[in-house]
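> got a predicted structure plus its sequence, pasted below:
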Amino acid sequence: MASIFRKIKRKIKRTLMGKSESSGARRGARIGKQNDELAAIDSQAIAEQLLAAGGVDPESYLFITLDSCRFDTFERAEAPNIKGVGDWYEAEAPATFTFPSHMAMFIGFTPGVAASKEPIKNPKAGRIWRMANLAGGGKRNDHCRVPGRNIIDGFNQMGYYTVGTGAAAWFNDKVVTTKPLVGDFQDFVFTDIDLDAQLGFVLSNMKEQCDKKQFVFINVGETHVPYHHRGAPWSVDENPCVPFRDDNSREKSQERQQLCLEYSDRQLGPIIKLFLESGASVVICGDHGDCHGEDGLWAHGFYHEKVMKVPMVYHLRPND
Ligand SMILES: [Zn+2]
């Protein structure tokens, strides 16, 4: 009852003061300020400085998820930095939306090709990261075995510096539901869609911890609806891909997701180069795709071929 009175009181106060902004808008403004500060950091210069100073430890990992990136978008896109990491291919995502897909990846179940017997390409044949405590043990072809409740906890136990950043709402660390995804990172920031802010955060923290092996995670949001990036010549408020709506646009969805991926590729270039030239490992994949009107469906969170098929590319440091 008391909370209803508080709400009414707040509403009267806002009306009297001429303020009608919602709590969502205030939260947005807070994130906007945080992001502008982070995006102002010259992340490209830091990546170059770190490389000039000898690079990252070769046992480090850079793990990037391109949120909602469809395989055909990836295939069409001009993305030389990401595509240059290694042989890229069409894989099946471990789940239909962000939370379970990342939960699966954070225990080593990366996207895979079910028909392949090749380790890593099919995580059932050999994993990039194998939880050392899972019943059934590991495979000879696993790249790395990690202890703990998930790979982030495991890398912490192994003495790594773990830093992460997420754009999708499932990574909002102000919400308790996200704890299993974000709770184990030593440093983490939720930015909403803003890769420039994410890179500022990640690289400035990496610089502080450059004497340690690193596990760096970036969940890229530009490829997630509404498909927007800093400086894009279209409005962030126009979402061409909304579930159950009749006025969506397949053309805009396809074109904008591709342009957002191409923008992300340009921004990610320096950090990818830093890891590759250090001889460290890089893993980049989609967490799920999106429907763009196929079978009358839009976005993700349900089973559909366009939701399950994602790009996967990696370069792993050779095991000793
Ligand atoms: Zn997602």
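Cool, the structure landed.
> quick one: residues contacting the residue lying closest to Pro123 once chain neighbours are set aside.
Leaving aside its chain neighbours, Pro123 sits nearest to Gly112 (4.6 Å; criterion: C-beta to C-beta, 6 or more residues apart in numbering). The way it works is simple: take the backbone N, C-alpha and C, and place the C-beta from them, glycine included. Gly112 makes contacts with 91-92, 94, 121-124, 312, as judged by C-beta atoms under 8 Å, 6 or more residues apart in numbering.
> and the gap between His102 and Ser249?
With the distance defined as C-beta to C-beta, to the nearest Å, His102 ends up 28 Å from Ser249.
> burial of Leu181, as a residue count?
Neighbour count for Leu181, taken as other C-beta atoms under 10 Å: 25.
> I'd say it and Phe106 touch.
Yes. Counting by C-beta atoms under 8 Å, Phe106 is a contact partner of Leu181 at 7.0 Å.
> what does the model give the residue of the stretch 201-320 of the chain at minimum distance from the ion for pLDDT?
Among the residues of the stretch 201-320 of the chain, Asp287 lies closest to the ion, at 4.2 Å counting by C-beta to the ion. Listed pLDDT for Asp287 reads 98.
> just Lys212 next, same as before
Per-residue confidence (pLDDT) for Lys212: 97.
> which ones are touching it?
Residues near Lys212 by C-beta under 8 Å, 6+ apart: 57, 159-161.
> also Leu51?
Leu51 neighbours (C-beta under 8 Å, 6+ apart): 273-274, 277-278.
> His288 now?
Contacts of His288 by C-beta under 8 Å, 6+ apart are 68, 93, 95-98, 101, 300, 307-308, 310.
> now, these that are in helices?
Those of these mapping onto helices are 98, 101, 307-308, per DSSP state H.
> from these, which are also near the ion?
When C-beta under 5 Å from the ion is applied, the members of the ones in helices among the contacts of His288 adjacent to the ion are Thr98.
> I'd like the ones in helices among the contacts of His288 laid out as JSON lines, including neighbour count and pLDDT.
Converted to JSON lines, the ones in helices among the contacts of His288 look like this (neighbours: other C-beta atoms under 10 Å; pLDDT from 0 to 100):
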{"residue": "Thr98", "neighbour count": "25", "pLDDT": "98"}
{"residue": "Ser101", "neighbour count": "26", "pLDDT": "98"}
{"residue": "Val307", "neighbour count": "24", "pLDDT": "98"}
{"residue": "Met308", "neighbour count": "19", "pLDDT": "98"}
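> contacting residues for whichever residue of the stretch 1-150 of the chain sits closest to the ion?
Distances between the stretch 1-150 of the chain and the ion by C-beta to the ion are smallest at Thr98, namely 3.1 Å. Thr98 makes contact with 67, 168-171, 219, 287-288, according to C-beta under 8 Å, 6+ apart.
> kindly report the same for Asn239.
Applying C-beta under 8 Å, 6+ apart, we find Asn239 in contact with 225-227.
> if you set the cut-off to 10 Å instead, what comes out?
Going by C-beta atoms under 10 Å, 6 or more residues apart in numbering, Asn239 touches 225-228, 245, 248-249, 252-253, 256, 298-299.
> pick out the most distant pair among the ones in helices among the contacts of His288.
Using C-beta to C-beta, the pair of the ones in helices among the contacts of His288 lying farthest apart is Thr98 and Met308, separated by 14.1 Å.
> so which bits of stretch 169-179 are buried?
170-173, 178 (16 or more other C-beta atoms under 10 Å).
> overlap in contacts of Leu181 and Phe106?
150, 152, 164, 217.
> what subset of the contacts of Asn239 is buried?
225-228, 248, 252-253, 256, 298-299.
> quick check: the farthest pair among those?
His228 and Trp298 (16.6 Å).
> interface residues of the stretch 1-150 of the chain facing the ion?
So far as C-beta under 5 Å from the ion goes, the stretch 1-150 of the chain lies against the ion at 67, 98.
> how about the helices in the stretch 1-150 of the chain?
All helices of the stretch 1-150 of the chain, identified by DSSP state H, counting those that start in this stretch, fall at 2-16, 23-39, 43-52, 71-76, 80-83, 98-105.
> gap between the two ends of stretch 119-127?
7 Å (C-alpha to C-alpha, to the nearest Å).
> many thanks, I have nothing further to ask.
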